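Trainee: here is my input; please provide its structure:
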Amino acid sequence: MFDTSFEILSNKKIAQNTWEIVLRGDTRGIAPGQFVNLRLEGFYLRRPLSVCDFNDGTLTLIYKVVGRGTEALAALPAGTALDVLTGLGNGYDTSVSGPRPLLIGGGAGVPPLYALAKALIREGKTPAVILGFNSAGEVFYEEEFRALGTDPTVTTADGSYGVKGFVTDAMELDYTYFYTCGPEPMLRAVYAKSVTSGQFSLEERMGCGFGACMGCTCKTKTGHKRVCKDGPVLTKEELPW
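Mentor: Prediction:
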C-alpha cells in the first residue's frame, strides 16, 4: 500500500490558464501515461490529473484552471498537504515503439508525453515531438522537451507561434510508432493521418478513478472499456474511429 500523503513544494502558473504543481511524497509504482487522483477539501469528487514527471520522492503535475476545483487547487500554497492516489490506469507501453517514435500532444495532453519522452530516451530511442496549442500564450514545456535532447515542433491554431495549424500539419515525419494525448477531435485527426500503429491516451470525466462507477466508459472494437481502469492508454487497433 503506497502512502497517499503528499506535500506541495511549488504551485505556479506557467502559461495561460496553465499551472505546474510539484509534490513531495511516495512515487513508487508510477509509470508514464498513468494519472493521479487528488482530494481537495470541500469537493466530493477527486480531481484526476495526468502525470507529467516523477522521480524518487517528487511528482510533477500540470493542470488547466477550468472550474471551481482547479481554481481551488491553484490557490494552494507550498507546504499544503494533499491526499493523492497514485499509479492509476494503464500507462504507455514503450517496448513496441521502435527506434524513432513520434510523440504528439495537444494542450492539456502535452504533460504525460514528457515522462514518456524521458523513458524512451533512457531506452536508447530517439523520439520526435509535436506540441499543439491554440495560441502563443498557451505554449508550455517547449524548453523542457528541448533540454531532453529532442527538437520539438510547436504548432498554434492561430499562427501566433511556431507552425500555423494543427498537430497533424506537422506529422510529415519518418517515425516507427506514435504516442498521443489530447482532446478527442485531435486524437481522431491523428488516427486518420497516422501511417503506423500507436497508442492514444483518452480524456474522460471520471467519478471514482479506479473502475468501480463505470462513469468513464468508452466504445472500442471489442466492447466498452473504462478509461480509468482499462485505459487511459488504448492502442490504435482498439479504437473504432
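Trainee: could I get the buried residue list for the longest strand seen in the chain?
Mentor: Looking across the chain with DSSP state E, the single longest strand is strand 5-15. Neighbour-count burial for strand 5-15 flags F6, I8, L9, N11, A15 (criterion: 16 or more other CB atoms under 10 Å). In this view, the C-beta of every residue, glycine as well, is placed from N, C-alpha and C.
Trainee: buried residues in stretch 21-33?
Mentor: Buried residues in stretch 21-33 (16+ other CB under 10 Å): I21, V22, L23, G25, D26, T27, I30, A31, P32, G33.
Trainee: ok, now stretch 159-172?
Mentor: Buried residues in stretch 159-172, counting neighbours by 16+ other CB under 10 Å, are found at Y161, G162, F166, V167, T168, D169, A170, M171.
Trainee: for stretch 131-145, same thing?
Mentor: Going by 16+ other CB under 10 Å, stretch 131-145 has these buried residues: L131, G132, F133, E138, V139, F140, Y141, E142, E144, F145.
Trainee: pull the CA atoms of that stretch into PDB?
Mentor: Presented in PDB, the C-alpha positions along stretch 131-145 are these (Å, rounded to 0.1, in the frame of the first residue of the first chain):
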ATOM      1  CA  LEU A 131       3.200  20.100 -29.300                       C
ATOM      2  CA  GLY A 132       0.000  21.700 -30.300                       C
ATOM      3  CA  PHE A 133      -1.700  24.800 -28.800                       C
ATOM      4  CA  ASN A 134      -4.300  27.400 -29.700                       C
ATOM      5  CA  SER A 135      -2.000  30.400 -29.400                       C
ATOM      6  CA  ALA A 136       1.400  31.600 -28.200                       C
ATOM      7  CA  GLY A 137       0.100  32.400 -24.700                       C
ATOM      8  CA  GLU A 138      -0.800  28.800 -24.100                       C
ATOM      9  CA  VAL A 139       2.600  27.200 -25.100                       C
ATOM     10  CA  PHE A 140       4.400  25.400 -22.300                       C
ATOM     11  CA  TYR A 141       7.200  22.900 -21.800                       C
ATOM     12  CA  GLU A 142       8.800  23.500 -25.200                       C
ATOM     13  CA  GLU A 143      12.200  24.200 -23.500                       C
ATOM     14  CA  GLU A 144      11.800  21.300 -21.100                       C
ATOM     15  CA  PHE A 145      11.400  18.900 -24.100                       C
END
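Trainee: start at 44 instead
Mentor: Sure, I'll start counting at 44 from here, so that last one is stretch 174-188.
Trainee: that one - what's its average pLDDT?
Mentor: Taken as a whole, stretch 174-188 has an average pLDDT of 98.
Trainee: show residues contacting that stretch.
Mentor: 57-61, 63, 105, 147-150, 153-154, 157, 160, 172, 195-201, 203-205, 209-210, 225, 229 (CB atoms under 8 Å, 6 or more residues apart in numbering).
Trainee: just stretch 148-160 next, same as before
Mentor: By CB under 8 Å, 6+ apart, stretch 148-160 touches 61, 75-76, 78, 93-97, 104-107, 135, 137, 146-147, 170, 172-177, 181, 183-184, 187-188, 191, 193, 210, 222-226, 229, 244, 246.
Trainee: now, these that are in helices?
Mentor: Residues of those located in helices (DSSP state H): E187, F188, M229.
Trainee: ok, the last one touching D212?
Mentor: This points to M229. No: using CB atoms under 8 Å, M229 is not in contact with D212, being 11.7 Å away.
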